[in-house]
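Novice: Next input, structure requested:
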Amino acid sequence: MTSGEPARVGVPEAPRSTSAQVTPLARLGDEIVACRRCPRLVAWREAVARDKVARFAAESYWGRPLPGFGDPDARILLIGLAPAAHGGNRTGRVFTGDRSGDFLWSALHATGMADRASSRRADDGLTLRGEYVAAAVRCAPPQNRPTPAERDACGPFLVRELGLLAAVRVIVPLGGFSWEAALRTLAALGEAVPRPRPRFGHGGEASIGPYRLVGSYHPSQQNTFTGRLTPAMFEAVLRRARELAGLSAPEASGRLSAPGSGAP
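Specialist: Modelled structure (predicted):
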């Protein structure tokens, strides 16, 4: 993965790990933040950060790729699609500051894996328990549509992230694009992906090596506003993931993650 220093577009300075807090996840996060491999995504994310929408005109945008966020001892890995232009690309944390994130954090809180039901800022103290959230593509894409080539360019980051999350046993991809990213990640880690490849479906499951995949529709506004994905449907998937991961009770799901562990 080729990386370099991000261009200056009037966004907040990216934090860097200090010697007192360097962990493998933090080092990987620094690499992700500095990545400029995909010209289309770099141009788009920086243009959005520079030419702001009116409702966020007074805010400084992050305008960089996003590492994952959550509990480094997580047993469940949730894989989203990509940051939203005025959500994570603005706030600097995955699923933070947009409607999809509102839906996600509410469901994670309802199922005992987040300490609050909403998150609008990266510095609000949100903590996750037993859960880590990442994305198939780390930069905001035009029209929320990354290409397969951009997914594959980001793929090594997800491979390394999952490799560092040694306790993960359940993966929840959000949508077919993220399901395919999960299959490719497991293949890259040396797991035997069945033939024919397991097909994505909401609530669909597949066992690959030591991992169990549980699919869910993505909590996009298109899905949640139309009722294709309801809170009850999403929470049922998360509860199934908890069951498969051995996290039957919220009190048994491990310590809370510190904000910034593997996150900007």
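Novice: From the chain's centroid, how far away is the lengthiest helix in the chain?
Specialist: Longest helix in the chain by number of residues, with DSSP state H as the criterion: helix 148-164. Computed by C-alpha atoms, centre = their mean, to the nearest Å, the chain-centroid distance of helix 148-164 equals 12 Å.
Novice: Could you do stretch 39-49 as well?
Specialist: 19 Å.
Novice: hmm, who's touching that stretch?
Specialist: 7, 9-11, 36, 61-65, 83, 85-86, 89-90, 137, 139-142, 146-147, 150 (C-beta atoms under 8 Å, 6 or more residues apart in numbering). The C-beta positions use only the backbone N, C-alpha and C, and glycine is treated the same way.
Novice: Mind checking which of the residues you listed are in helices?
Specialist: Using DSSP H, the contacts of stretch 39-49 in helices are 89-90, 150.
Novice: what about Gln143, distance to Thr23?
Specialist: Noted for Gln143: a distance of 35 Å to Thr23, by C-beta to C-beta, to the nearest Å.
Novice: before we move on, what about Ala245?
Specialist: For Ala245, the distance to Thr23 - C-beta to C-beta - is 22 Å.
Novice: So which of these two has more stuff around it?
Specialist: Set Ala245 next to Thr23 and count neighbours by other C-beta atoms under 10 Å: Ala245 wins out with 22 against 13.
Novice: and Pro148, how many neighbours does it have?
Specialist: Residues near Pro148, counting by other C-beta under 10 Å: 11.
Novice: nope, Asp123 is what I meant
Specialist: When neighbours are defined as other C-beta under 10 Å, Asp123 has 11 of them.
Novice: buried ones in the helix or strand Leu41 falls within?
Specialist: According to DSSP states H and E, Leu41 maps onto helix 39-50. Residues of helix 39-50 classed as buried: 41-42, 44-46, 48-49 (neighbour count, 16 or more other C-beta atoms under 10 Å).
Novice: downstream neighbour of that helix in the secondary structure list?
Specialist: strand 69-70.
Novice: So what touches the next helix or strand after that next one?
Specialist: Next along the chain after strand 69-70, taking DSSP H and E as the criterion, comes strand 76-80. By C-beta under 8 Å, 6+ apart, the residues outside strand 76-80 that reach it are 94-95, 100, 104, 113, 130-136, 158, 162, 165, 168-174, 178, 181-182, 218, 241-242, 245, 247.
Novice: Of these, which belong to helices?
Specialist: 100, 104, 158, 162, 178, 181-182, 241-242, 245.
Novice: Please tabulate these in a markdown table, including the columns pLDDT and distance to Ser118.
Specialist: Formatted as a markdown table, these follow (pLDDT from 0 to 100; distance: C-beta to C-beta, whole Å):
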| residue | pLDDT | distance to Ser118 |
| --- | --- | --- |
| Ser100 | 95 | 12 |
| Leu104 | 97 | 10 |
| Leu158 | 98 | 26 |
| Leu162 | 98 | 27 |
| Ser178 | 97 | 22 |
| Ala181 | 97 | 27 |
| Ala182 | 98 | 27 |
| Ala241 | 98 | 21 |
| Arg242 | 97 | 21 |
| Ala245 | 97 | 24 |
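Novice: and which of those is nearest Leu213?
Specialist: Lowest distance from Leu213 to those (C-beta to C-beta) belongs to Ala182, with 5.9 Å.
Novice: The spatially most central residue of the chain bridge partners, please.
Specialist: In the chain, the centroid-proximal residue (C-alpha atoms, centre = their mean) is Ala134; its distance is 2.2 Å. Under the criterion DSSP bridges, Ala134 forms beta bridges with Ile79.
Novice: my read: it touches Gly88, true?
Specialist: No - using C-beta atoms under 8 Å as the test, Ala134 is too far from Gly88 to be in contact (11.4 Å).
Novice: got any residues that touch both of these two?
Specialist: Common contact partners of Ala134 and Gly88 (C-beta under 8 Å, 6+ apart): Val94.
Novice: And for stretch 153-164, what's in contact with it?
Specialist: Residues outside stretch 153-164 that contact it (C-beta under 8 Å, 6+ apart) are 1, 24-25, 28, 31-32, 35, 37-38, 67-68, 72, 77, 79, 134, 136-138, 168, 171, 181, 184-185, 188-189, 262.
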